[in-house]
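**Student:** Return a 3D structure for these sequence lines:
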Amino acid sequence: MVDGLAASTARLYYTYTRQMFKEAVFQRIVRESPCVKISLPPVESKNFQFSKETLEKLIQSVPEPYATAMRVGAATGLRPSELFGLSKQNIDFPNSVIRLTLQDTSRRHGGLSRGPLKTKSSRRSVSFGPILRDTLLKLCNAAGPEGRLFHDAGVVQIRKYEAVWVKARKELPEIGPGWHQLRPYHASVLISHGFSPVAVAARLGHKDANETLCTYAHMWDSDGSAMAAVADTVVAA
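**Tutor:** Presented below is the predicted three-dimensional model:
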């Protein structure tokens, strides 16, 4: 607890405050953000990994455009603010990449806005294959205000997409507390196919492989017997 707040709540408040100051710096309202070198209380790790079958149940339980947003989120590992901030200008079809330069900064009851990404490492290109290409093409052809890919008769604000997840979780508690859970799902798919921490870090927009390992180390196989078998080949006659 921090002054009566749970550690997770304190971290959430800090995240909102930091984002507001980042936006203020971006808009040149203030010169720099005070949200630097601040020690946050640790939060007990909770693993909400879910299966592909659960993901499909989740997608089938929600309306559009949220169902498609979940597919894109699961296929790219984008943060929720990156996902709902996507516009058709971000999609580079000739090179088959999503170029992330801004994220959604729309307030819960405010208008449409985009601002700086979470970190410098967040500015990245995320490649996509032919199946996701078709989905993105349809979204671009039906883009909304400012070319936004995800819209629901107007702006999809944070209160809207959070409410969709909360409702779905009542039937599927294993999906975890929010849209951010699509990132560990995506990471688990990459890791299960043998991609390295360096590769996963670059795709997720982590600072480096250390950040990835701190977050997802439990997902890498640590089968001692398998390592022993490989090590035996070194001294095999």
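
**Student:** which regions of the chain lie under the pLDDT threshold?
**Tutor:** 1-9, 12, 42-48, 108-111, 155, 221-227, 236-237 (pLDDT under 70).

**Student:** all helices for it, in order.
**Tutor:** In the chain, the helices defined using DSSP state H lie at 7-26, 52-60, 66-76, 80-83, 130-141, 158-171, 182-192, 197-204, 209-216, 224-235.

**Student:** Now do the first one: which elements does it pack against?
**Tutor:** Right, helix 7-26. strand 114-115 (3 or more CB pairs under 8 Å, 6 or more residues apart in numbering; DSSP states H and E). In this view, the C-beta of every residue, glycine as well, is placed from N, C-alpha and C.

**Student:** In its sheet, which strands sit next to the strand it packs on, and in what direction?
**Tutor:** strand 103-104 (antiparallel) (DSSP bridges).

**Student:** what's the strand it pairs with in contact with?
**Tutor:** For strand 103-104, the external contacting residues (CB atoms under 8 Å, 6 or more residues apart in numbering) are 79, 81-82, 84-85, 113-118, 122, 158.

**Student:** how about 10 Å then?
**Tutor:** With contact meaning CB atoms under 10 Å, 6 or more residues apart in numbering, strand 103-104 is reached by 19, 22, 78-87, 112-118, 122, 148, 150, 155-158, 161.

**Student:** out of the residues you listed, which are buried?
**Tutor:** Listed as buried from the contacts of strand 103-104 are 19, 22, 78-87, 112-118, 122, 148, 150, 155-158, 161; burial here means 16 or more other CB atoms under 10 Å.

**Student:** per-domain residue ranges of the chain.
**Tutor:** 1-44, 48-219 (automatic domain parsing).

**Student:** which residue packs closest to residue 75, ignoring adjacent ones?
**Tutor:** residue 132 (5.1 Å; CB to CB, 6 or more residues apart in numbering).

**Student:** give the contact list for the residue nearest to the spatial centre of the chain.
**Tutor:** The centre of the chain sits closest to residue 79, judged by CA atoms, centre = their mean, with a distance of 2.3 Å. Residue 79 makes contact with 73, 85, 100, 103-104, 117-118, 122, 179-180, 182-183, 204-205, according to CB under 10 Å, 6+ apart.
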